[in-house]
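S.K.: have a look at this prediction, sequence included:
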Amino acid sequence: MQSQSLSATADKRVQFIVRSTEDPLALDGPNVISGLCGSPKKISPIYVYDKRGTELFERQCATPEYYLRRIEAQLLNCYAVDIVGLCGPLAVVELGAGTAAKTRILLREYAKREVRCDYLPIDVDVDTLAESAHELISAFPLLYVHCLGTTYERGLRLVPSWSQPRLFVFLGSSLGNMEWPEVDSLLSRIFDNSAPGDYLLLGADLDKDSAIIDEAYNDAAGYGPQSTLNMLNHLNRRYGGNFESEQFRYRSQYDARARRNEVRIESLVDQTVTLATLGFTVSFGAGELIDAEVMLKFDPDELGAVLERAGFSMVRRWIESVYRYGLFLLRRK
Ligand SMILES: C[S@@+](CC[C@H](N)C(=O)[O-])C[C@H]1O[C@@H](n2cnc3c(N)ncnc32)[C@H](O)[C@@H]1O
């Protein structure tokens, strides 16, 4: 890949390391069934993000209440020049890239240096990945995009080694959308699939006044709730289901002691749902809650210690103090 000509046509500047037609969740049916057989029942947050879910998430990000997108973009706008200066030339690997709305700020800084930049976004939302890859290459003439339309774990295994160091980017506080054991396990996957001297740039939402968090996840326009309830439509489409999303409602609650926001889907009536292609039927009682999403809100020192134990040394951290959001630049030991 390194030897590709810089005069390659735009199309040649987008490649798929994992084929764009491959369905990253093709084998996930058994996990859906076991989640819905548990007590409490659970749907993996991975089902938030089909094309429609990403559109709704993007709208939520644009609401005044959803400070995470705005503040992270502000931090990147202020410090991308420092990040690029500290890291030097490298390939950028992004976990959960989505529309790459904020990654552009970093890529723009590389573009200013007028050198080739390789970008490897990993995301299960293959449609959004392909669309944003083409938008990025039109904005940045020396950018080469190598798409990995798959899960974090599989994508990390498939990231090729590179002659330059790699910068692993994980924005939007997506690390907080996992339970702590999954956080530890993902960090060790990043460690195992990176090399000494590689960098990790992490955007993480921090513990704060619960009113700010409650507002962010209950935006007046209702995009947050809609994006969560879209999980049910996603399951319908993928598994021939008959969830009626109006028979459910969104519930979000911040647990300040545990520093975690929990999003659940409540069944409004007694009802039975079938996922035909999985041959699976499940009943919900009125008022029953389904676990859907978690958003951990980190203590910056505790997060630093977790990262240190996982094999990443802190290079620098930038914390916005009003909304309390942090960007952490780390180096793989
Ligand atoms: C919270 S959004 C963040 C998007 C973007 N990074 C940002 O900061 O706005 C999470 C993104 O990660 C993707 N995603 C979620 N779980 C994933 C997984 N297990 N493997 C790969 N991608 C995942 C989703 O499709 C979505 O685009």
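M.R.: Thanks, I have it.

S.K.: average model confidence for stretch 76-96?
M.R.: Across stretch 76-96, pLDDT averages out at 96.

S.K.: skipping its backbone neighbours, what lies nearest the closest residue to the ligand within the stretch 1-150 of the chain in space?
M.R.: Closest approach between the stretch 1-150 of the chain and the ligand, counting by Cβ to the nearest ligand atom: Gly96, at 2.6 Å. Placement of C-beta: from N, CA and C, glycine included. Nearest-residue entry for Gly96: Ser174, 4.5 Å, with adjacent residues in sequence omitted and distances by Cβ to Cβ, 6 or more residues apart in numbering.

S.K.: same thing with Tyr199?
M.R.: Residue nearest to Tyr199 in three dimensions, not counting chain neighbours: Leu167, with 4.5 Å by Cβ to Cβ, 6+ apart.

S.K.: hmm, the one you found is touching Ala91, no?
M.R.: Yes - look at Leu167 against Ala91 with Cβ atoms under 8 Å: they come within range, at 7.3 Å.

S.K.: can you give the domain ranges for this protein?
M.R.: What automatic domain parsing lists as the domains of the chain is 29-60+212-296, 65-209+297-332.

S.K.: out of those, the one nearest Arg13 is which?
M.R.: Nearest to Arg13, of all the domains of the chain, is domain 65-209+297-332, at 4.6 Å by Cβ to Cβ.

S.K.: would CSV of the domains of the chain with mean neighbour count be doable?
M.R.: CSV is the format used below for the domains of the chain (neighbours: other Cβ atoms under 10 Å):
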stretch, mean neighbour count
domain 29-60+212-296, 17
domain 65-209+297-332, 19
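
S.K.: between these, which gets nearest to Thr21?
M.R.: The nearest among the domains of the chain, by Cβ to Cβ, is domain 65-209+297-332 at 8.2 Å.

S.K.: can you tell me which residues in the stretch 151-300 of the chain are near the ligand?
M.R.: The stretch 151-300 of the chain has residues Thr151, Tyr152, Leu171, Gly172, Ser174 near the ligand, with proximity defined as Cβ under 6 Å from any ligand atom.

S.K.: what is the nearest of those residues to the ligand?
M.R.: Checking these against the ligand by Cβ to the nearest ligand atom gives Gly172 as the nearest, at 2.3 Å.

S.K.: does the closest one touch Ile71 like I think?
M.R.: No - counting by Cβ under 8 Å, Gly172 does not reach Ile71; the two are 11.1 Å apart.

S.K.: ranges for the strands of the stretch 1-150 of the chain?
M.R.: Counting by DSSP state E, counting those that start in this stretch, the stretch 1-150 of the chain has strands at residues 14-18, 91-95, 117-122, 143-148.
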